[in-house]
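Engineer: Could you look at this predicted model? Sequence included:
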Amino acid sequence: MSTNRVPAGATAGGVGIGGQFARSSGRRPVSGNLTTMPQNGSFLYPPASFASKGEYVEFWKNASVSDTILTKLVKAREKWRVPQVKAARDRLVSEWESQKRIRRMAKKDPGFYAVERAARENATGPEKRFPPLSGELARPIAVAHQIWSKTHLVPGMTQQDVRDVTVAVPGDPNVTVEEIVTDWRTDEWAGFVLGSSAS
């Protein structure tokens, strides 16, 4: 195999090929865009506008969401969730510690054990309030977030116009977009993966 010497900075079709020891096969490098966006947009790069609410909702419900996007979404949720759970637990511990004196006095009362059991159950509350995002929920949550946050793509449409649009989630085919984005607080973490809202 021979090494052709090509001057540094030499280009072929606008693409740099040079350097003193660059190997040259004699073929030109591929030029142009290797990944073309579909004419009708993609999940991360939707069309610039939609003519109607129906067209808009239909696009999001049928848009293909790659595994890469879903994986990043699950990771973004976890990155946001862990500090939320820790802060909520810290608040519970602080409240519990501030009530130690009351608990000492309550030990004399037989009803104390019911209070203590309720407090222990409350300690798992943060995990329930901020559940991790499973793979099967990632797609419907991503779709709901996009429907909610990209309303600016339909002239004159607001989030109020899509609040009752339903998205099927495992176990419930009729969850509204508003319920999903509120319960999962997607405005606090999903935008890092899916892009921020411009509405």
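Structural biologist: Received it, and whenever you're ready, just let me know what you need.

Engineer: just checking, what packs against the longest helix seen in the chain?
Structural biologist: Ranked by residue count and defined by DSSP state H, the top helix of the chain is helix 67-98. Counting contacts by 3 or more C-beta pairs under 8 Å, 6 or more residues apart in numbering; DSSP states H and E, helix 67-98 is packed against helix 112-123, helix 125-129, helix 135-149, helix 191-194. Placement of C-beta: from N, CA and C, glycine included.

Engineer: 6 Å instead?
Structural biologist: Applying 3 or more C-beta pairs under 6 Å, 6 or more residues apart in numbering; DSSP states H and E, we find helix 67-98 packed against helix 125-129, helix 135-149, helix 191-194.

Engineer: Between these, which has the poorest mean confidence score?
Structural biologist: Among these, helix 125-129 carries the lowest mean pLDDT, a mean of 75.

Engineer: Which positions within the longest helix of the chain qualify as buried?
Structural biologist: For helix 67-98, burial by neighbour count (16 or more other C-beta atoms under 10 Å) applies to 69-70, 72-74, 76-77, 80-81, 85, 88, 92.

Engineer: nearest to residue 129, of those?
Structural biologist: residue 88 (6.7 Å; C-beta to C-beta).

Engineer: who's in contact with that closest one?
Structural biologist: Residues near residue 88 by C-beta atoms under 6 Å, 6 or more residues apart in numbering: residue 126.

Engineer: Repeat that for residue 166.
Structural biologist: 174, 176.

Engineer: and it, backbone torsions?
Structural biologist: Main-chain dihedrals, residue 166, degrees, to the nearest 10: phi -100, psi 150.

Engineer: Just the pLDDT at it, thanks.
Structural biologist: At residue 166, the pLDDT value in this model is 94.

Engineer: helix or strand right after the lowest-mean-pLDDT helix or strand in the chain?
Structural biologist: In the chain, no helix or strand scores lower on mean pLDDT, DSSP states H and E than strand 15-16, which sits at a mean of 54. Using DSSP states H and E, the helix or strand that follows strand 15-16 towards the C-terminus is helix 53-62.

Engineer: average pLDDT for the longest helix of the chain?
Structural biologist: Helix 67-98 comes out at a mean pLDDT of 87.

Engineer: could you give the angle of it to helix 135-149?
Structural biologist: For helix 67-98 against helix 135-149, the angle between stretch directions is 90 degrees (axes from the mean of the first three to the mean of the last three C-alpha atoms, to 10 degrees).

Engineer: Okay, now stretch 165-178: how far is its last residue from its first?
Structural biologist: Using C-alpha to C-alpha, to the nearest Å, one end of stretch 165-178 lies 8 Å from the other.

Engineer: can you redo the buried residues of helix 67-98 as a markdown table with distance to residue 162?
Structural biologist: As requested, the buried residues of helix 67-98 are exported to a markdown table (distance: C-beta to C-beta, whole Å):
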| residue | distance to residue 162 |
| --- | --- |
| 69 | 21 |
| 70 | 22 |
| 72 | 24 |
| 73 | 20 |
| 74 | 24 |
| 76 | 22 |
| 77 | 22 |
| 80 | 23 |
| 81 | 25 |
| 85 | 30 |
| 88 | 30 |
| 92 | 36 |
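
Engineer: Good, we can wrap up now.
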